[in-house]
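Enquirer: Everything below, folded, please.
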Amino acid sequence: MKLIAPLAATIAFAASALLADPLPSWNDTDAKSRIIDFVESVTDPASDDYVTPANRIATFDNDGTLWAEQPIYFQLIFAIDVIADMAREDPSILTSDPLKAAAAKDYKAVISGGKEAVIEVLTASHAGMSVTDFQARVAEWVSTATHPQTGLRYDQMTYQPMVELLRYLRDEDFKTYIVSGGGIHFMRVFAEQAYGIPSEQVIGTYTETQYTVENGVPMIIKAPAIGFVDDKDGKPVNIERIIGKRPILAAGNSDGDFAMLEWSTAGDGPRLGLIVHHTDADREYAYDRDSHIGKLVDGLDKGPEMGWLIIDMAQDWHRIYTGVR
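Expert: Okay, the predicted model is just below:
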């Protein structure tokens with residue numbers, strides 16, 4: 001009987017420690033310490049680095065930062081799936097090599113066609129569709145489609161450590177945004193459920209849209225033209241345009257995010273730039289300088305001297321996907 005009380009106390013202490021850990025899926029490395037130290041310093045009114053809640057802005061890339069992006073961007077996989085479905089109903093839509101490759105789900109052939117081929121597949125999968133119908137199709141796909149290599153649903157391939165970081169920041173009165181090269185109408189479908197980020201805090205690439213009334217029903221129609229590409233220099237431009245404040249924390253994983261981190265961390269006061277470095281070929285993927293997507297060169301070479309934290313997925317995370325424990 002004398003052992004019960006000490007054992008109960010130990011269990012209670014362990015449970016308390018677990019609850020107190022804001023980033024339980026992160027290993028106890030320098031990366032975790034630096035993030036927590038930064039958050040504590042900017043949220044402590046007694047700290048010289050204190051930042052008011054109104055200015056606690058954090059921006060995150062999506063593909064490769066909040067969820068996986070290999071073997072190709074998930075939105076492109078969605079578009080290819082849509083083209084394949086459309087072609088089964090009407091093969092006459094396959095008027096080009098990129099569309100034929102998409103119908104065959106030949107990812108390499110689509111990518112090898114370059115930017116123009118990718119844009120053709122993306123626009124063909126949604127042009128002329130209302131935003132409402134497009135997002136309904138995305139919602140169905142996200143909840144049913146599975147990744148060709150892992151077999152997981154795409155919403156199970158979000159990164160648990162990053163989901164925890166988003167939650168931790170919001171608990172400390174940060175406002176969290178997605179700033180991604182992905183399509184804004186695509187990401188808005190799952191962002192709140194997957195990340196706790198409401199649709200109005202999702203910034204991304206968008207197509208031209210048109211307002212119309214059909215049979216008495218007002219709707220917004222997606223047009224076959226890109227309105228703005230939210231990548232590279234476009235990211236800080238869109239942040240300024242839409243948020244109107246420079247983030248104090250910015251996170252990305254590729255050189256497409258370099259300008260966002262560079263601009264964010266160049267501001268006055270405390271700043272933190274995060275680069276998610278894909279180093280775990282066993283549990284996820286390992287790629288950087290020579291990758292066909294998510295290429296990371298400048299972030300590795302220049303990031304450390306700019307004070308950015310390079311997150312080593314293999315070393316810093318003991319769990320990767322939300323769908324895999």
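Enquirer: Just give the nearest non-adjacent residue to the residue most central in space within the chain, would you?
Expert: Nearest to the mean C-alpha position of the chain, by C-alpha atoms, centre = their mean, lies N62 at 1.3 Å. Excluding its sequence neighbours, the residue lying closest to N62 (C-beta to C-beta, 6 or more residues apart in numbering) is S180, at 3.7 Å. Glycine gets a C-beta too; all of them are placed from N, C-alpha and C.
Enquirer: coming back round to it: what's the separation between the residue nearest to the centre of the chain and I93?
Expert: 29 Å (C-beta to C-beta, to the nearest Å).
Enquirer: same question, G307
Expert: Relative to I93, and taking C-beta to C-beta, G307 is found at 50 Å.
Enquirer: What of G227?
Expert: 24 Å.
Enquirer: same deal with G299?
Expert: Distance, G299 to I93, by C-beta to C-beta: 39 Å.
Enquirer: now T212
Expert: Distance from T212 to I93, counting by C-beta to C-beta: 22 Å.
Enquirer: cool, A101 as well?
Expert: 13 Å.
Enquirer: Looking at the two, which is more packed in?
Expert: With neighbours defined as other C-beta atoms under 10 Å, A101 and I93 compare such that A101 has more, 22 against 14.
Enquirer: how close does the more buried one sit to W67?
Expert: A101 is 24 Å from W67, by C-beta to C-beta.
Enquirer: got the contact list for stretch 128-144?
Expert: Stretch 128-144 is contacted from outside by 78, 81-82, 126, 153-155, 185-186, 188-190, 209, 219-224, using C-beta atoms under 8 Å, 6 or more residues apart in numbering.
Enquirer: likewise stretch 103-116?
Expert: Taking C-beta under 8 Å, 6+ apart as the rule, stretch 103-116 contacts 71-72, 76-77, 80-81, 83-84, 87, 94, 97-98, 101-102, 117-118, 120-121, 292.
Enquirer: All the strands of the protein, in order from the start?
Expert: 57-60, 175-183, 202-214, 217-228, 249-252, 272-279, 286-287, 309-312 (DSSP state E).
Enquirer: mean confidence for the last one?
Expert: Spelled out, that is strand 309-312. For strand 309-312, mean pLDDT is 98.
Enquirer: One more: the second one?
Expert: Within the predicted structure, the mean pLDDT of strand 175-183 is 98.
Enquirer: ok, it: who's next to it in the sheet?
Expert: strand 57-60 (parallel), strand 202-214 (parallel) (DSSP bridges).
Enquirer: Could you tell me the angle between it and strand 217-228?
Expert: Here strand 175-183 points in a direction 80 degrees away from that of strand 217-228 (axes from the mean of the first three to the mean of the last three C-alpha atoms, to 10 degrees).
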